[in-house]
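*Asks:* Sequence and computational prediction follow.
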Protein chains: 2
Amino acid sequence: MNRIRTSIVDIARAAGVSKSTVSLVLQGSPLVNDKTREKVNALINDLGYVYNRGAANLRQATSKIVGIVVNDLTNSFFAELAVGMDLVVQSAGYVQFLAHSGESIDRQRQVIASMRENGIAGLILSPARGTEANDIKPLTDSGVPVVVVVRNMPGAKVSTLLSDNCAGARAAVRHLVSLGHRRIAFMGGFLDTAVFAERVRGYREALIEASIPLDDNFIIHSAPSRAGGVAVVERMMVFPERPTAALCFNDAVAFGVCDGLRANGVEPGKGFGVIGFDDVIEAKTAVPALTTVSVDPQGMGQRAAQLLLKQINSGQIDQETIVTPVRLVVRQSCGAPVKQPEEIA
Amino acid sequence: MNRIRTSIVDIARAAGVSKSTVSLVLQGSPLVNDKTREKVNALINDLGYVYNRGAANLRQATSKIVGIVVNDLTNSFFAELAVGMDLVVQSAGYVQFLAHSGESIDRQRQVIASMRENGIAGLILSPARGTEANDIKPLTDSGVPVVVVVRNMPGAKVSTLLSDNCAGARAAVRHLVSLGHRRIAFMGGFLDTAVFAERVRGYREALIEASIPLDDNFIIHSAPSRAGGVAVVERMMVFPERPTAALCFNDAVAFGVCDGLRANGVEPGKGFGVIGFDDVIEAKTAVPALTTVSVDPQGMGQRAAQLLLKQINSGQIDQETIVTPVRLVVRQSCGAPVKQPEEIA
DNA sequence: TGACTAATTTGGAACGTTCCAATTAAGTGG
DNA sequence: CCACTTAATTGGAACGTTCCAAATTAGTCA
């Protein structure tokens, strides 16, 4: 309708005060008289004024925008992570540029550059595979706080939020051992990621602890997706001596493994123990309910956002690394004899 | 590091030209001499200059930012929708505010207001349940183009992108009928949404067409989630005369229904035919592979973004409504005797 | 060389806000 | 009624860009 937008001076004129006064009203200053405040507010409503945050940013050189870049939004782990961040960012009165890098480093770099031009106050990054400290150096060098989640980035001036992958994997494998399994595989995931390495490390440690000989054939990698899980089972089926249980790289792979087993006439949780990693929402309601290492992606997203906002507000960027604990949630897919009472849906 | 950011006048001074010239270089004007352009570009690099898009927006009153609000990012249908939008928005040189409303109208209103203050050039909205035309009226009134997707919003000055829910449901039920099913249920979904109504309409039409009497008990609603699907099956199990097949509100419900059936000793695709709606990524690899109505969320997201950008660039906001066709993808879960060759993973 | 056209370059105003120093208005105690 | 403190209000500069009209420089032709 009205192509020309109304500004602070328009309402100043209408109210018969100066633009400075209107500005004070806008930022809720106690300096201004209640009566004038009231008049100004009324006019703001009447004239349909909308605050121009861009102009404000220009003046005070500090925006209320944060950037969030996630490597794969279609993976529900990361989607929930993003939702957690959204929650706290939003309620702190910030808005977010939220972008999906699709594991492409070029895309990621491009998107971060664009966010920088638009003046973000901070960045949360769940980096694409193969991201290096250099990729965000310009940003960190210019004093913008950055929080890296899920995957770590050695050498970068950032804070980091990780989950205790090694301990989680160890706990999972220990549990399988306690159920009597001896031939335990590690299934799915990309070889070249730090997360993969850590989870495999936990897997190995638990096996050694139980004096079970390691067999590298039992570490079968694949894409960290449901399709990847199906593929892994196909490969496993031709083994002369098959494993009897598996810790999977993540829940998506675990679901795929269940699918694959069923396609081969094996019932997950009965003939074969399956444990996932992440505890995405569907894990609880799937059949069989998935035993998994709970990472609480949404909570992790919230913590990451809180950490970033803290640094933005305090103005000091420190480099803390927080490793959040994880816990094994025993459900049915591992063939456990008893359910934990809290986990009955 | 350097707390004071370098601006256009800094490089102008360094290059011995005026800020106007630098501005021209920045926007790739052909007016400027190649030699000066080169010098300026070199300095831009050296001094680590970053373009301040906020200042530019202030001057030209038109930004390169679009807003995207999605009702539920944790649902993979919507996540893929968002990824499709992200793709075209990004490559058109725009950035997006992408927010998750979590089906909360308050949240949605708040987030849209915030985006408005930040100066978006357009908005794509996948509305929260119960959104009304009034909720976005201030935005549309001020001449910002809005594209509504998935759910429609009667009375709003917006363009709309819908999928042909009715036809899809009709095709699905016809298929079940052709397989010999007579007692066919409609499972899941919230009663009060337009999408639900349309899909149920298609379901009814197909039954009438086949002279199968309607039975309202066979329309069993629930939350449109995996958990909702499980719950629906529980309720169905006590029916004196159970259905032999079901069209589900969406794929999430369909997966839940499969889980529920299995928990009750019924094998989906054998003892009971299941058809989903949406064709999310997992539908193909699940076991049994899910027969579903393919909506192509990512493509839909792309089209929505293209439509919005078209309106932004042309400066004219028309109110087109596009209904995109859908197609039934026959896989295993409906108990079809033959597979379509293209669908073998 | 002079006159004219084409190619470059350039001040300054403008965009909508915040901030500062300064001004004016309103009380208050003697 | 004065001096003084406190409460409210206010111009104008500043932020980093774009745009316009105008100025400068270079090139061309007679």
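*Replies:* Happy to help now that I have it.
*Asks:* in the stretch 101-250 of chain A, what residue is nearest DNA strand C?
*Replies:* Residue nearest to DNA strand C within the stretch 101-250 of chain A: residue A:119 (12.9 Å; Cβ to the nearest atom of the strand). Placement of C-beta: from N, CA and C, glycine included.
*Asks:* For that residue, grab the count of nearby residues.
*Replies:* Close neighbours of residue A:119, defined as other Cβ atoms under 10 Å in any protein chain shown, add up to 22.
*Asks:* Not counting its own residues, what contacts the lowest-mean-pLDDT helix or strand in chain A?
*Replies:* In chain A, no helix or strand scores lower on mean pLDDT, DSSP states H and E than helix A:282-285, which sits at a mean of 86. Helix A:282-285 has contacts (Cβ atoms under 8 Å, 6 or more residues apart in numbering or on different chains) with A:76, A:251, A:255, A:276, A:289-290, A:292, A:329, A:331, A:343, A:345, B:226-227, B:230, B:255-256, B:259.
*Asks:* Dump the C-alpha coordinates for the next helix or strand after that helix into PDB.
*Replies:* The helix or strand immediately downstream of helix A:282-285 is strand A:291-294, counting by DSSP states H and E. The C-alpha coordinates for strand A:291-294 follow below in PDB (Å, rounded to 0.1, in the frame of the first residue of the first chain):
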ATOM      1  CA  THR A 291      18.600 -48.600  22.300                       C
ATOM      2  CA  THR A 292      20.800 -45.600  21.700                       C
ATOM      3  CA  VAL A 293      23.300 -43.200  23.200                       C
ATOM      4  CA  SER A 294      21.300 -40.100  24.000                       C
END
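*Asks:* Could you spell out the sheet neighbours of strand A:291-294, each with its direction?
*Replies:* Strand pairing for strand A:291-294, using DSSP bridges, gives strand A:273-278 (parallel), strand A:327-329 (antiparallel).
*Asks:* All the strands of the stretch 1-150 of chain A, in order from the start?
*Replies:* For the stretch 1-150 of chain A, applying DSSP state E, counting those that start in this stretch gives strands covering A:65-70, A:95-100, A:122-126, A:146-149.
*Asks:* Give me the distance between the first one and the centre of its chain.
*Replies:* Mean-position distance between strand A:65-70 and its chain equals 11 Å (Cα atoms, centre = their mean, to the nearest Å).
*Asks:* Identify each buried residue in the least confident helix or strand of chain A, please.
*Replies:* By 16 or more other Cβ atoms under 10 Å in any protein chain shown, the buried positions in helix A:282-285 come out as A:282, A:283, A:284, A:285.
*Asks:* okay, the residues you listed in JSON lines with distance to residue B:27 next?
*Replies:* Output for the buried residues of helix A:282-285, formatted as JSON lines (distance: Cβ to Cβ, whole Å):
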{"residue": "A:282", "distance to residue B:27": "49"}
{"residue": "A:283", "distance to residue B:27": "51"}
{"residue": "A:284", "distance to residue B:27": "54"}
{"residue": "A:285", "distance to residue B:27": "54"}
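*Asks:* Just the C-alpha atoms of the least confident helix or strand of chain A, please, in CSV.
*Replies:* Only the C-alpha atoms of helix A:282-285 are listed here, as CSV (Å, rounded to 0.1, in the frame of the first residue of the first chain):
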residue,chain,number,x,y,z
GLU,A,282,11.8,-41.4,16.4
ALA,A,283,14.1,-43.7,18.4
LYS,A,284,11.6,-44.0,21.2
THR,A,285,8.6,-44.9,19.1
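*Asks:* remind me which residues of chain A are low pLDDT?
*Replies:* Within chain A, the stretches with pLDDT under 70 are A:1-3, A:336-345.
*Asks:* one more time with 80
*Replies:* Residue ranges of chain A with pLDDT under 80: A:1-4, A:335-345.
*Asks:* Mean neighbour count for the strands of the stretch 1-150 of chain A - can I get that in CSV?
*Replies:* As requested, those are exported to CSV (neighbours: other Cβ atoms under 10 Å in any protein chain shown):
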stretch, mean neighbour count
strand A:65-70, 26
strand A:95-100, 25
strand A:122-126, 26
strand A:146-149, 26
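*Asks:* Dump those strands into a markdown table; add distance to residue A:246 as well.
*Replies:* Listed next are the strands of the stretch 1-150 of chain A as a markdown table, based on distance: least, Cβ to Cβ, whole Å:
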| stretch | distance to residue A:246 |
| --- | --- |
| strand A:65-70 | 27 |
| strand A:95-100 | 30 |
| strand A:122-126 | 26 |
| strand A:146-149 | 26 |
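*Asks:* I'd assumed residue A:276 was in contact with residue A:295.
*Replies:* No - when contacts are counted by Cβ atoms under 8 Å, residue A:295 is not listed as touching residue A:276 (10.4 Å).
*Asks:* Counting neighbours, go ahead and name the busier of these two.
*Replies:* Neighbour totals were compared for residue A:295 and residue A:276, and residue A:276 leads with 33 against 26 (other Cβ under 10 Å).
*Asks:* do you know how far the more buried one is from residue A:208?
*Replies:* Distance from residue A:276 to residue A:208, counting by Cβ to Cβ, to the nearest Å: 23 Å.
*Asks:* Kindly report the same for residue A:117.
*Replies:* 51 Å.
*Asks:* who's in contact with the closest residue to residue A:274 other than its chain neighbours?
*Replies:* Closest residue in space to residue A:274, ignoring its immediate chain neighbours: residue A:333 at 4.5 Å, by Cβ to Cβ, 6 or more residues apart in numbering or on different chains. Counting by Cβ under 8 Å, 6+ apart, residue A:333 touches A:254, A:258, A:268-269, A:273-276, A:286, A:288-291.
*Asks:* Now the two most distant members of these.
*Replies:* The largest distance within those, taken as Cβ to Cβ, falls between A:273 and A:286 and amounts to 14.9 Å.
*Asks:* out of those two, which sits in the busier spot?
*Replies:* Remark: of residue A:273 and residue A:286, residue A:286 carries more neighbours, 27 against 23, as counted by other Cβ under 10 Å.
*Asks:* Could you double-check that that one lies in contact with residue B:260?
*Replies:* No - using Cβ under 8 Å, residue A:286 is not in contact with residue B:260; the gap is 10.8 Å.
*Asks:* What is the burial count for residue A:227?
*Replies:* 19.
*Asks:* Using the three-state scheme, assign it.
*Replies:* Under DSSP: H, G, I helix; E, B strand; the rest coil, residue A:227 falls in the helix class.
*Asks:* And for it, nearest residue in space, chain neighbours not counted?
*Replies:* Spatial nearest neighbour of residue A:227, chain neighbours left out: residue B:285 (4.7 Å); criterion: Cβ to Cβ, 6+ apart.
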